[in-house]
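K.L.:
Dropping the sequence and predicted coords here.
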Amino acid sequence: MQPANWQQATMEFHVSRRSRDHYQFDESLFALSGNVIFANFYAARVFAQKINHKRDLVSFPERAVRAGQINALGLIDEMLHHVMQLYRESALYMERTAPWIERAGLAYVKQHVVEDASERARRYTRFLESQRYSQDDPWKERAEGKDAHEYEPLATIA
C-alpha cells in the first residue's frame, strides 16, 4: 500500500565526496550534507548511468548499477529514518536497538512505520524538529579529524 503522497516523496542518502568527484555527479543533486536527493525515478536512472559510465561493464557486467537499486537504497534509507525515530521515542532508557526490536517485535514496528500513515507523518515532523537542534555525526567527525587515516580505502576498484 502506497502512502497518499507517494508521488511527491523524495528520497535521499549520503554519497561520499570522493565518489561524487569520481563519478562527476552534478552538485545540484546534493544537499549541503552530501545527501543526494532524488525527486523522481528519472533522477535515479541518470545517477545510475553516471556510475555505469565510469565502470568497465564489458569485462564486469555484474557491476552494473540499475536505477531500481538506487531507488531501493533511497527507500531503505527513508524507512530507517522512521524506524530510528520510533526507536528514539519508544525504547527504554539505555536500551540498544537489537533488544528493543526483540522486546517491541517486528509487528509493532510494521504497524507504526508501515501501516499508520498519519502517525508516520507526525513522527517525521518530530524527527525534523529534533534535527534542527543537533545533527552531530560522530563518524564524520572521526573521518575528517585525527582518525581520517582509518577511513582511507584499502583499494580503489574502477
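P.N.:
Cool, got the structure.
K.L.:
could you pull out the strands for the chain?
P.N.:
For the chain, the strands defined by DSSP state E cover 11-14, 35-38.
K.L.:
For Met94, find the nearest of the ones you listed.
P.N.:
Closest to Met94 of the strands of the chain is strand 11-14 (CB to CB; 27.3 Å). C-beta: built from backbone N, CA, C; applies to glycine.
K.L.:
related to what we said a few turns ago, among the strands of the chain, show the one with the smallest mean pLDDT.
P.N.:
Looking at these, the lowest mean pLDDT belongs to strand 11-14 (a mean of 69).
K.L.:
The longest helix along the chain - contacts with which helices or strands?
P.N.:
When the chain is parsed with DSSP state H, its longest helix is helix 67-90. Applying 3 or more CB pairs under 8 Å, 6 or more residues apart in numbering; DSSP states H and E, one finds that helix 67-90 contacts strand 11-14, strand 35-38, helix 41-54, helix 97-104, helix 117-133.
K.L.:
Please repeat the previous calculation with a cut-off of 6 Å.
P.N.:
Helix 67-90 makes packing contacts with strand 11-14, helix 41-54 when contacts are defined by 3 or more CB pairs under 6 Å, 6 or more residues apart in numbering; DSSP states H and E.
K.L.:
how far is it from where the chain is centred?
P.N.:
Centroid separation for helix 67-90 versus its chain: 6 Å, with CA atoms, centre = their mean, to the nearest Å.
K.L.:
which of the residues in it are buried?
P.N.:
Residues 67, 70-71, 73-74, 81-82, 85-87 are the ones in helix 67-90 that count as buried (16 or more other CB atoms under 10 Å).
K.L.:
quick one: average confidence on that helix?
P.N.:
The model assigns helix 67-90 a mean pLDDT of 87.
K.L.:
now the angle between helix 117-133 and it, please.
P.N.:
80 degrees (axes from the mean of the first three to the mean of the last three CA atoms, to 10 degrees).
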